[in-house]
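1. quick one, structure for this:
(2 chains)
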Protein chains: 2
Amino acid sequence: MRVDNTPYRSIWADVAARQAFVIDQTLLPHRFVVRPLQSLTDAEEAIRAMRVRGAPLIGVTAAYGVALAMASDPSEAALEQAVNRLAATRPTAVNLSHALERMRTRLLALPAAGRIAGAWAEAERLAEEDLRLNRAIGEHGLVLLRVLHQRFGRSINVLTHCNAGWLATVDYGTALAPLYLAHDAGIPLQVWVCETRPRNQGLLTAWELQQHGVPHTVIVDNAAGHFIARGKIDIVLVGADRVTRRGDVCNKIGTYLRALAARHHGVPFYVAVPSPTIDWAVDDGMAHIPIEERDGAELRRMTGVDAAGATSTVSLLPETTPVANPGFDVTPAEFVSGLITERGVIAANEAELTALFPQSCAPAK
Amino acid sequence: MRVDNTPYRSIWADVAARQAFVIDQTLLPHRFVVRPLQSLTDAEEAIRAMRVRGAPLIGVTAAYGVALAMASDPSEAALEQAVNRLAATRPTAVNLSHALERMRTRLLALPAAGRIAGAWAEAERLAEEDLRLNRAIGEHGLVLLRVLHQRFGRSINVLTHCNAGWLATVDYGTALAPLYLAHDAGIPLQVWVCETRPRNQGLLTAWELQQHGVPHTVIVDNAAGHFIARGKIDIVLVGADRVTRRGDVCNKIGTYLRALAARHHGVPFYVAVPSPTIDWAVDDGMAHIPIEERDGAELRRMTGVDAAGATSTVSLLPETTPVANPGFDVTPAEFVSGLITERGVIAANEAELTALFPQSCAPAK
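-> From the prediction side, this is the model:
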């Protein structure tokens, strides 16, 4: 996608220089800063500090992290250590373990001498694949927006939560890919963007939409029920950090409240999910997806810019106030109107998921 | 209630000096500052800027605002002007119009010479009445917490939204009054406090609970569905800005999302409502309660304290980003397990409400 009309991806590599580059998302929407990743430690830190975030981008960043580790030590021991360190950065997103397992399997099959080149090539392939998956999701999701537009003959109101845009992936995004393609196809949209406390990733979504010229309005998370109840929303469209074999959706904290409101008011609730986000080994998302408990500092402090335009952090509540900060919640499959995958739009159930991905769906553990 | 062990109310007057005093709630939880109100303009500004907030406290502050206006000009014209100016400060809370109508009726019946003393006396009466109503709500609500404690034999987990505590009233609070009385009666509680963006009144609730020694944990608004779905919440307890004749509840934006989650998971959802918060003239809350659209700056900027402890405001998103900021939402009566009034706990429907308040319930318009 474009930033001030210059094409960008959220991650890219200079393979010859053994470096990857990411956009530091902790500084957006205030400052656009590209950050080099030059070591395994850089990649780990970028994921953990959420300079990169979004399940697909976390996976690709981890793949480059393995390549960075191989560049300094291509031994089997270094490979295993890199995989373990990167796997520990974020427990909920399943793309991370998929990407790491793929890098591990591919590189173990190579002699140490071939692992450096092999690692960079595999990371590049993963990035290209992510881009293709998201583009396909965009094309399949576009038909949902087109039919709503044909039905209502007016601008379509989409509610989204968090950032499932190109910043969360290598390019295009998952939930936002259909919006970009619909906008480019002349379908008028109005996107209602939930702020998404505590990290306010909704502001990344607003920034992306503004860069692409898609009309949008930011609301606090609390306002989603009000707008859904008043008939202001035609469809809810979100991404996912992990989707189970039966279609339970683990996504950013607060997604479930939107699903409850959408169902009560008969508003379609769709989840954009590239296949690497599906965890075929888990059925019951509520029981078996680990929910990351994140640092309470995310609630206690807020970063923005001060009157002089400098980055500034303020403390919202005393350090002694107890807080809890689960990063994700689980929306049971029964609340999901459909899954938008790279192979098409299906119902959120095991039969449709396994029929669409017959090669991937090893039996559930 | 107590602040650092000194007894306080949220508003009080020095009648001889023709001044009222309030706690500036925009500075809490960081700084405890008492602010004098010396004119009608001061009272207007305090309500509009949310230095005082909470439906009951808005009503009482407006009454003192009329008294301040009378102190400088006790004419009928000045009275009408004061009532109109104060009525325009916040459109949703019905206590405001109740208090103003009462002041107006009482003072019009007096000769101009008697209006100054009459206004202060009536404002003082309103404040005392509010305190008595809240104390009675606390006693009736306490029995709900006691029976849950008897049933489960453990600490009772209460979820609350916004601040319906003593800061929102003259003293005790509405939704928090039962918690204070239960805590004092030895019933163990754990209160889950929703942050309540955009104004973060949940932090006022946490501050109140901390001052009183009630165990609590602050969560982001998005996390309410997660905790309710995981069985962590025994009862949801909130206040109201306006309750209709049939029991629809208008309260801080985000209340409805909690009601949806509570109902889906079979968690009791109670609303503490003193009778001045009931609007007998409205049946259908969704259709007929005006929802205040507040300044988008509440989303764009966040105030806290910087590393040096000074009050500091940061900008979260560009001034050009479109925002929408409805201050309240409506929870239909069907979602409300019960209303806790000063006369007892009843179901949220017209029959029970009118039976409990036969003198108040003139026919609906």
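2. how about the residue in the stretch 101-250 of chain A that chain B sits nearest to: what's its closest non-neighbour residue?
-> Closest contact between the stretch 101-250 of chain A and chain B, by CB to the nearest CB, is at residue A:222 (2.8 Å). In short, each C-beta sits where N, CA and C put it, glycine included. Sequence neighbours aside, residue B:254 is the residue nearest to residue A:222 in space, at 2.8 Å (criterion: CB to CB, 6 or more residues apart in numbering or on different chains).
3. my read: the one you found touches residue A:219, true?
-> No: counting by CB atoms under 8 Å, residue B:254 stays clear of residue A:219, with 10.7 Å between them.
4. more crowded one of the two?
-> residue B:254 (29 against 24; other CB atoms under 10 Å in any protein chain shown).
5. pLDDT score for residue A:94?
-> For residue A:94, the pLDDT comes out at 89.
6. who touches it in this structure?
-> A:55, A:241-242, A:276-279 (CB atoms under 8 Å, 6 or more residues apart in numbering or on different chains).
7. do I have it right that the residue of the stretch 101-250 of chain A closest to chain B meets residue B:258?
-> No: between residue A:222 and residue B:258 no contact is recorded; they are 9.3 Å apart, counting by CB under 8 Å.
8. and the two? Which one has more around it.
-> residue A:222 (32 against 28).
9. residues contacting that one?
-> B:196-197, B:221, B:252-254, B:257, B:329.
10. then stretch A:344-351 to CSV, C-alphas only?
-> Taking Å, rounded to 0.1, in the frame of the first residue of the first chain, the C-alpha atoms of stretch A:344-351 are listed here in CSV:
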residue,chain,number,x,y,z
GLY,A,344,-13.5,-18.3,-0.5
VAL,A,345,-16.1,-17.4,2.0
ILE,A,346,-17.5,-20.2,4.2
ALA,A,347,-19.5,-20.9,7.3
ALA,A,348,-17.5,-21.1,10.6
ASN,A,349,-17.7,-24.8,11.2
GLU,A,350,-15.4,-27.8,11.0
ALA,A,351,-17.2,-29.4,7.9
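11. which positions in the stretch 101-250 of chain A make contact with chain B?
-> Residues of the stretch 101-250 of chain A lying near chain B by CB under 8 Å from any CB of the partner chain: A:192, A:195-198, A:200, A:203, A:206, A:210, A:215-227, A:229-230.
12. in chain A, which residue is most central in space?
-> The residue lying closest to the centre of chain A (CA atoms, centre = their mean) is residue A:54, at 2.8 Å.
13. would you map out the domains in chain A?
-> A:2-129, A:136-360 (automatic domain parsing).
14. show me the helices in chain A, by range?
-> A:40-48, A:55-72, A:76-87, A:94-108, A:112-152, A:177-184, A:202-212, A:224-229, A:255-264, A:285-288, A:297-300, A:350-356 (DSSP state H).
15. pick the most buried one from the domains of chain A.
-> domain A:136-360 (a mean of 21; mean count of other CB atoms under 10 Å in any protein chain shown).
16. ok, back up a step: can I get the domains of chain A in JSON lines including distance to residue B:350?
-> Listed next are those as JSON lines, based on distance: least, CB to CB, whole Å:
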{"stretch": "domain A:2-129", "distance to residue B:350": "47"}
{"stretch": "domain A:136-360", "distance to residue B:350": "21"}
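17. from residue B:205, how far out is the closest residue to residue A:318 other than its chain neighbours?
-> Nearest non-adjacent residue to residue A:318, counting by CB to CB, 6+ apart: residue B:29, 6.4 Å away. Look at residue B:29 and residue B:205: by CB to CB, to the nearest Å, they are 10 Å apart.
18. over to residue A:339?
-> Residue A:339 is 39 Å from residue B:205, by CB to CB.
19. ditto for residue A:354
-> 47 Å.
20. can you check residue A:95 too?
-> 38 Å.
21. what's the answer for residue A:359, then?
-> Counting by CB to CB, the gap from residue A:359 to residue B:205 is 52 Å.
22. where does the stretch 151-300 of chain A dip in pLDDT?
-> Along the stretch 151-300 of chain A, the model assigns pLDDT under 70 to no residue.
23. contact partners for residue A:328?
-> A:92, A:241, A:250-253, A:289, A:291-292.
24. what bridges to it?
-> Applying DSSP bridges to residue A:328 yields these beta-bridge partners: residue A:252.
25. with adjacent residues omitted, what lies nearest to residue A:87?
-> residue A:100 (5.6 Å).
26. I'd guessed residue A:56 sits against residue A:130; true?
-> Yes: if you go by CB under 8 Å, residue A:56 and residue A:130 touch, sitting 5.1 Å apart.
27. shared neighbours of those two, anything?
-> A:169-170, A:274, A:276.
28. farthest pair within those residues?
-> Among these, the pair separated by the greatest distance (CB to CB) is A:170 and A:276, at 11.8 Å.
29. what sits in contact with each of the two?
-> A:56, A:130.
30. from the contacts of residue A:94, which is closest to residue B:165?
-> Closest to residue B:165, out of all of the contacts of residue A:94 and judged by CB to CB, is residue A:241, at 35.6 Å.
31. now the closest one: phi and psi?
-> Dihedral angles phi and psi of residue A:241 (degrees, to the nearest 10) take the values phi -100, psi -30.
32. mind listing what it touches?
-> Here residue A:241 is in contact with A:55, A:92-94, A:250-252, A:277, A:328 (criterion: CB under 8 Å, 6+ apart).
33. ok, now residue A:71?
-> Contacts of residue A:71 (CB under 8 Å, 6+ apart): A:18, A:116, A:119-120.
34. go with 7 Å
-> A:18, A:116 (CB atoms under 7 Å, 6 or more residues apart in numbering or on different chains).
35. quick check: it vs chain B, distance?
-> 38 Å (CB to the nearest CB, to the nearest Å).
36. do residue A:353 as well
-> 22 Å.
37. right, and that residue touches residue A:243 too?
-> No: Residue A:353 lies out of contact with residue A:243 (CB atoms under 7 Å); the separation is 8.2 Å.
38. between the two, which contacts overlap?
-> residue A:278.
39. and the pLDDT for the residue nearest to the centre of chain A?
-> So, for residue A:54, pLDDT stands at 94.
40. how about the one 10 residues further on?
-> Model confidence at residue A:64, given as pLDDT, is 98.
41. so what's it up against?
-> Residue A:64 touches A:11, A:13, A:20, A:37, A:43, A:123, counting by CB under 7 Å, 6+ apart.
42. lovely, talk soon.
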